[in-house]
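K.L.:
Take this sequence and fold it.
(one chain, ligands or ions: 1)
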Amino acid sequence: MGHGIAELFAIAGYEVALVDVAEEYLKRALQNIEWSVKKLAEKGQVKEDVQTVMSRIKTVVNDICKAVEGVEVVVEAVVEDIEVKKRVFAEADRCAPPEAILATNTSSLPITEIAEAVKPERRPRVVGMHFFNPPPLMPLVEIIRGRYTSDETVKKTAEYAARLGKQTVVVNRDVPGFIVNRILARVNEAACWMVARGEATVQEIDSALMYKAGLPMGAFILMDYTGIDVVCFIGDAMLKRGFKTHPCPVITEKCQQKKYGVKTGEGFYKYP
Ligand code: CAA
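P.N.:
Residues are numbered from 1 along each chain as shown. Purely as a prediction, here's the structure:
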């Protein structure tokens, strides 16, 4: 999701520093961004030429401190592991200007706990800024308050999202899954248990959700698209935080088999 978020900021006219742990991921990220900006430009949704947008994105290999120098906002989109997120926040806090907002794109982890990894003076400027995949196309951003988040930070984050062309909803407590993933978890769970009990197939459930319930993707297509590993991370994180779920073997088996969906060529469906 990181490259999609970087793309949105670059399209909106911001200078962006994209940081990742290895050169190869950054190279792939730039290719994905260029493909996406071209697509949007062909449809008239980006007014500038592609190279002008691309020129606003610089890449930084494995050096958070360098990437956050002089910035006004940091958006973190690393793996859904609270310890990794805390390390990234502590490092960003050390090097970003004191007035910078530190936002996390976490899908399910507590904003309050992430904020506790930074200095007390920064905590009012730590907030959840949750995008949806693919960020360039999905219109919604959830803005999540942690215990320390100030009204000013929520307001400024909503202003950033608006400049990226997004609609926002504010979630007043950093409850597990916020709004969308909390509800989606129930949909996925119901869909998976229907398959596990032999009541309907993956294809039948997806068809029902798409052709009758009007969703753009069925539950299983969407899990393949989001990444079944991510779905498992979110489910585990929500479970640990006391959200009552009945983890379904149809999902957990895919995770154990590392069949994560589109990214591995197979999940509930196969991808050439
Ligand atoms: N950038 C630019 N263009 C893109 C793109 C991207 N990243 N991804 C796809 N497109 C383009 C396609 O190339 C295609 O272009 P053409 O019309 O020129 O062929 C166009 O968008 C439409 O795409 P598709 O034909 O592939 O299919 P579609 O009409 O179904 O649209 C979709 C794709 C917008 C993703 C749509 O299926 C959709 O809205 N799906 C639901 C996605 C969703 O719910 N996401 C949230 C997941 S949950 C999450 O992210 C939260 C979390 O915490 C994990």
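
K.L.:
Tell me the residues of this structure that contact the ligand?
P.N.:
By the rule Cβ under 6 Å from any ligand atom, the part of the chain lying against the ligand is 36, 39-40, 107, 132-134, 136-138, 181, 216-217, 222, 226, 230. All C-beta spots, glycine's among them, are computed from the backbone N, C-alpha and C.

K.L.:
out of those residues, which are buried?
P.N.:
The neighbour-count test (16 or more other Cβ atoms under 10 Å) marks 36, 40, 107, 132, 136, 181, 222, 226, 230 as buried among the residues of the chain next to the ligand.

K.L.:
can you tell me which helix or strand C65 belongs to?
P.N.:
helix 64-68 (DSSP states H and E).

K.L.:
If we go by neighbour counts, what in the helix or strand of the chain with the lowest mean pLDDT is buried?
P.N.:
Least confident helix or strand, the chain: helix 228-240 with a mean of 91, by mean pLDDT, DSSP states H and E. Judged by neighbour count (16+ other Cβ under 10 Å), helix 228-240 contains these buried residues: 228-239.

K.L.:
Return the distance of that helix from the chain's centre.
P.N.:
13 Å (Cα atoms, centre = their mean, to the nearest Å).

K.L.:
tell me what it is packed against?
P.N.:
helix 180-196, helix 249-256 (3 or more Cβ pairs under 8 Å, 6 or more residues apart in numbering; DSSP states H and E).

K.L.:
one step back: keep only those of the residues of the chain next to the ligand that are in helices.
P.N.:
When the residues of the chain next to the ligand are checked against helices (DSSP state H), the matches are 36, 39-40, 181, 222, 226, 230.

K.L.:
State the pLDDT value of the closest residue to the ligand within the stretch 151-272 of the chain.
P.N.:
The nearest approach of the stretch 151-272 of the chain to the ligand comes at P216, 3.6 Å away (Cβ to the nearest ligand atom). In this model, P216 is scored at 95, pLDDT.

K.L.:
phi, psi of it?
P.N.:
phi -70, psi -30 (degrees, to the nearest 10).

K.L.:
Surely it touches M210?
P.N.:
Yes: using Cβ atoms under 8 Å as the test, P216 is close enough to M210 to be in contact (7.3 Å).

K.L.:
Dump the buried residues of helix 228-240 to TSV, plus distance to E23.
P.N.:
Below are those laid out as TSV (distance: Cβ to Cβ, whole Å):
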residue	distance to E23
I228	27
D229	23
V230	24
V231	29
C232	28
F233	25
I234	29
G235	32
D236	31
A237	30
M238	34
L239	36
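
K.L.:
got a list of what L140 touches?
P.N.:
Residues near L140 by Cβ atoms under 8 Å, 6 or more residues apart in numbering: 132, 166-169, 180.

K.L.:
which two in those are spaced the farthest apart?
P.N.:
Farthest pair in the contacts of L140 (Cβ to Cβ) is K166 and V180. Separation: 13.4 Å.

K.L.:
And these two? Which one has more around it.
P.N.:
K166 (19 against 16; other Cβ atoms under 10 Å).

K.L.:
And the residue in the stretch 51-200 of the chain positioned nearest to the ligand, how far from N181?
P.N.:
Going by Cβ to the nearest ligand atom, the ligand is nearest to S107 of the stretch 51-200 of the chain, at 3.1 Å. Counting by Cβ to Cβ, to the nearest Å, the gap from S107 to N181 is 5 Å.

K.L.:
Now for the two: what residues contact both?
P.N.:
Overlap of the contact sets of S107 and N181 (by Cβ under 8 Å, 6+ apart) consists of I234.

K.L.:
what sits against P134?
P.N.:
Listed by Cβ under 8 Å, 6+ apart, the contact set of P134 reads 4, 36.

K.L.:
Mind listing what's buried along stretch 195-215?
P.N.:
Buried residues in stretch 195-215, counted by 16+ other Cβ under 10 Å: 195, 202, 205-206, 208-209.
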